[in-house]
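K.L.:
Pasting the sequence and the predicted model now:
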Amino acid sequence: MKCIGLEHCSWALRKSSDIFILCRESGTIEAVNNAFILKLGYDERDVIGKSLEHFFESQEKWCEFRDVSIKKQQVDNISVFLRKKEGPLIKGFAYTEYIQEKTEGEGYLRVIVKKVGEKQDLEARLPNIEKMAALGYLSASVAHEINNPLNIILGYAQLLLEDFEPGTEAYESLQEIEKCSKMCRQVVSDLLKFSRTHKKEKKVININECLEEVISVCSHQLMLSRIKLHKKFSEEPLLVLGDANKLKQVFLNLVVNAQQAIGEDGTISIISDSDPENNEIVICIKDSGCGIPPEVQKRIFEPFFTTKKGKGGTGLGLAVSRNIIVEHGGRVEIKSKVNEGTEFKICLPRVKEQ
Ligand SMILES: Nc1ncnc2c1ncn2[C@@H]1O[C@H](COP(=O)(O)OP(=O)(O)OP(=O)(O)O)[C@@H](O)[C@H]1O
Ligand SMILES: [Mg+2]
């Protein structure tokens, strides 16, 4: 005979605004109700069979939650944070029951979560803000400690190079020391630039001239990789109040990234123009390279984030570049499509001719 009572219960569970989860004690999810799907924004097929751990704030919190639920068999009102597919974490209170139908074998957890709110966005971003602040502090102190011994290593290597014949083993080893020391010096110098907070005096400069200088530095390299350079600069000078060297560094970073994204055979366009409506100048650096998937796009400005590990990438190029642009009162925007290419757009406040 059909049990009517059970049907009512399962209807109530489906319609409930509280989240319901049935999982094995190992975490594997067996069933969830509509509230879980709606509130956390996942597809049911992304949930069933996955471990509940994925939806918890951290592995540590999940283990704590599971252990206490199993140990006490029944727990009321534990505060939990659940991970949505997108957006801030959800805060809720969980009620759990541990069931073990047979005396041996894996048991199950029934979990109800009453949602109380969303963890503030700022709170969710806090670890990152702390990371940035710590990085600034750390880099400034470490850079000074490293710079001196590094320069001594480099100096001695260069001095010793004069005592050996090119082609000998000693000469090649010394060259390797020289090359690696220079790479370290570059990282230290990037770190220092990143953490520097004092502002240097800025001058009125023409962005088109900065772009020309950057092109003259990298055009040979681009030619060797069969990358066509397409440039379109505004005829009038585009004046900004800024530090020409720092801005050139930004453009160079973007062109180098574009080149690395293409590899060989492709096009890089560099376009400059004014936007009278916003009283800004706009510089676009566009490439026909591999493009950046959305999940990577979210992280590209993070210091030390790189997809070029083992290929010499430090992941500081864009972090440093954005810092410089913000220091100039500007902003960086990005548009990218995988396998089609990427466009970085830089907007800077314009100044009138003096
Ligand atoms: N034009 C681009 N096309 C595709 N991916 C890009 C592009 N520019 C940046 N990226 C991605 O952003 C990441 C971060 O770039 P960033 O310049 O900060 O570091 P990097 O190039 O990896 O190393 P570094 O610049 O320090 O040598 C890159 O590793 C790459 O994945
Ligand atoms: Mg780079």
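P.N.:
Good, I have the coordinates. Ligands and ions are numbered 1, 2, ... in the order given.
K.L.:
Is the residue of the stretch 151-300 of the chain found nearest ligand 2 in a helix, a strand, or coil?
P.N.:
Nearest residue of the stretch 151-300 of the chain to ligand 2: N257, at 4.4 Å (CB to the ion). Any C-beta I mention is one placed from the backbone N, CA and C, and that applies to glycine too. Three-state call for N257 (DSSP: H, G, I helix; E, B strand; the rest coil): helix.
K.L.:
could you point out where the stretch 1-150 of the chain is predicted with low confidence?
P.N.:
1-6, 103, 116-141, 144-145 (pLDDT under 70).
K.L.:
go with 50
P.N.:
Across the stretch 1-150 of the chain, the ranges flagged by pLDDT under 50 are 1, 120-127, 129-130.
K.L.:
all helices for it, in order.
P.N.:
Secondary structure of the stretch 1-150 of the chain (DSSP state H, counting those that start in this stretch): helices at 4-15, 34-40, 59-72, 121-161.
K.L.:
Next SSE downstream of the last one?
P.N.:
In this case it means helix 121-161. Later in the chain than helix 121-161, the nearest helix or strand by DSSP states H and E is helix 169-195.
K.L.:
what residues does this structure put near ligand 1?
P.N.:
Contact residues, the chain versus ligand 1 (CB under 6 Å from any ligand atom): 253, 257-258, 261, 287, 289-290, 292, 296, 300, 305-308, 313-319, 342.
K.L.:
Now intersect those residues with the helices, please.
P.N.:
If you go by DSSP state H, the residues of the chain next to ligand 1 have N253, N257, A258, A261, V296, G317, L318, A319 in helices.
K.L.:
Just the buried subset of the residues you listed, please.
P.N.:
Burial by neighbour count, judged by 16 or more other CB atoms under 10 Å, picks out N253, N257, A258, A261, G317, L318, A319 from these.
K.L.:
returning to that earlier point: got a markdown table for the ones in helices among the residues of the chain next to ligand 1, with pLDDT too?
P.N.:
Below are these laid out as a markdown table (pLDDT from 0 to 100):
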| residue | pLDDT |
| --- | --- |
| N253 | 90 |
| N257 | 94 |
| A258 | 96 |
| A261 | 97 |
| V296 | 95 |
| G317 | 86 |
| L318 | 90 |
| A319 | 86 |
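K.L.:
wait, which of these is closest to Q73?
P.N.:
When these are compared for distance to Q73 (CB to CB), V296 wins out at 44.3 Å.
K.L.:
Please give me every residue in contact with the closest one.
P.N.:
T307 (CB atoms under 8 Å, 6 or more residues apart in numbering).
K.L.:
Distance-wise, check it relative to V338.
P.N.:
9 Å (CB to CB, to the nearest Å).
K.L.:
And for Y171?
P.N.:
To V338, Y171 is 45 Å away according to CB to CB.
K.L.:
what's the nearest residue to the residue of the stretch 151-300 of the chain closest to ligand 2 if we skip its chain neighbours?
P.N.:
With sequence-adjacent residues excluded and distances taken as CB to CB, 6 or more residues apart in numbering, N257 is closest to G317, at 6.3 Å.
K.L.:
do F164 as well
P.N.:
In this structure, F164 finds its nearest non-sequential neighbour in Y171, 4.2 Å apart by CB to CB, 6+ apart.
K.L.:
How many residues are close by that neighbour?
P.N.:
Neighbour count for Y171, taken as other CB atoms under 10 Å: 15.
K.L.:
check contacts around it.
P.N.:
Counting by CB under 8 Å, 6+ apart, Y171 makes contact with L161, F164, E165.
K.L.:
cool, and K182?
P.N.:
K182 is in contact with L154, counting by CB under 8 Å, 6+ apart.
K.L.:
And I334, by the same measure?
P.N.:
Going by CB under 8 Å, 6+ apart, the list of residues near I334 reads I292, Q297, I300, T342, E343, F344, K345.
K.L.:
Only C-alpha atoms, please: export whichever strand or helix holds the last one in PDB.
P.N.:
By that I understand K345. K345 is part of strand 341-349, with elements assigned from DSSP H and E. The C-alpha coordinates for strand 341-349 follow below in PDB (Å, rounded to 0.1, in the frame of the first residue of the first chain):
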ATOM      1  CA  GLY A 341      42.300  37.300 -28.800                       C
ATOM      2  CA  THR A 342      42.500  39.900 -26.100                       C
ATOM      3  CA  GLU A 343      42.100  43.700 -25.800                       C
ATOM      4  CA  PHE A 344      43.500  45.700 -23.000                       C
ATOM      5  CA  LYS A 345      42.100  49.200 -22.800                       C
ATOM      6  CA  ILE A 346      43.700  51.900 -20.700                       C
ATOM      7  CA  CYS A 347      41.900  55.200 -19.900                       C
ATOM      8  CA  LEU A 348      43.900  58.100 -18.500                       C
ATOM      9  CA  PRO A 349      42.800  61.600 -17.600                       C
END
